[in-house]
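Chemist: sharing a model prediction with you, sequence too.
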Amino acid sequence: MLGRQDAILWVIQHKRMAVSSRIRTLPGEGDRVVLYATRGASGNPNKTLGQIIGLGTVKGSPEHRAIDVSGVTYPTSFELELNLVAEPRKGLPFAPLVPELEFITKKATWGGALRRPIVRITDSDLRRLEGAFRTHMRRRS
């Protein structure tokens, strides 16, 4: 989950995700990831919706060394192989997918399920999100 446009651009450019020390369970090599941008990431939460902006895979093990991401220092990071990335603010709106997702148990207040930097989801939810995002990207091209 990414909440600032400058951080999103950094992650895409460097193909690396950085996380705070609060994160206890880190992804491992080969884990697939779905990048989600919050509605506030663009700086205008009243105009922009939360959206899926990319698909990728974790490469290697997490590294425990300080890394600066757009002026914020994080103690841990991991490399990403980005397979498919949307242009800024052209991702797949997330809200319409909520009714189909197992990991979101409280559909009316689904935002709470995404208030962590890393959210583990089921394999079936991953397939749903990947499929919907790939379809969205084909339609945009």
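Modeler: Thanks, I have the structure now.
Chemist: neighbouring strands of the longest strand along the chain in the sheet, and parallel or not?
Modeler: Counting residues, the longest strand in the chain under DSSP state E turns out to be strand 51-63. Strand pairing for strand 51-63, using DSSP bridges, gives strand 32-37 (antiparallel), strand 76-85 (antiparallel), strand 92-93 (antiparallel).
Chemist: which of these is buried the deepest?
Modeler: Mean neighbours per residue, mean count of other CB atoms under 10 Å, is largest over the strands paired with strand 51-63 for strand 32-37, with a mean of 21. No exception for glycine: its C-beta is placed from N, CA and C like everyone else's.
Chemist: so how far is stretch 93-100 off the chain centroid?
Modeler: 15 Å (CA atoms, centre = their mean, to the nearest Å).
Chemist: excluding its backbone neighbours, what's nearest the residue nearest the centre of the chain?
Modeler: Taking CA atoms, centre = their mean, the centroid of the chain lies closest to L35, which sits 2.1 Å from it. Counting by CB to CB, 6 or more residues apart in numbering, G54 is the residue found nearest to L35 once chain neighbours are left out, at 3.8 Å.
Chemist: who does that neighbour form a beta bridge with?
Modeler: Where G54 sits in a bridge, its partners, by DSSP bridges, are L35, V85.
Chemist: and the pLDDT at it?
Modeler: Note for G54: predicted pLDDT of 96.
Chemist: flag the shaky bits of this structure, pLDDT-wise.
Modeler: By pLDDT under 70, the weakly predicted segments of the chain are 1, 42, 44-47.
Chemist: picking up where we left off before, and the residue nearest to L35, how close does it get to V119?
Modeler: 15 Å (CB to CB, to the nearest Å).
Chemist: okay, those two: which has more neighbours?
Modeler: The neighbour count for G54 versus V119, taken as other CB atoms under 10 Å, is higher for G54 (22 against 14).
Chemist: contacting residues for that one?
Modeler: 12, 34-35, 82-86, 91 (CB atoms under 8 Å, 6 or more residues apart in numbering).
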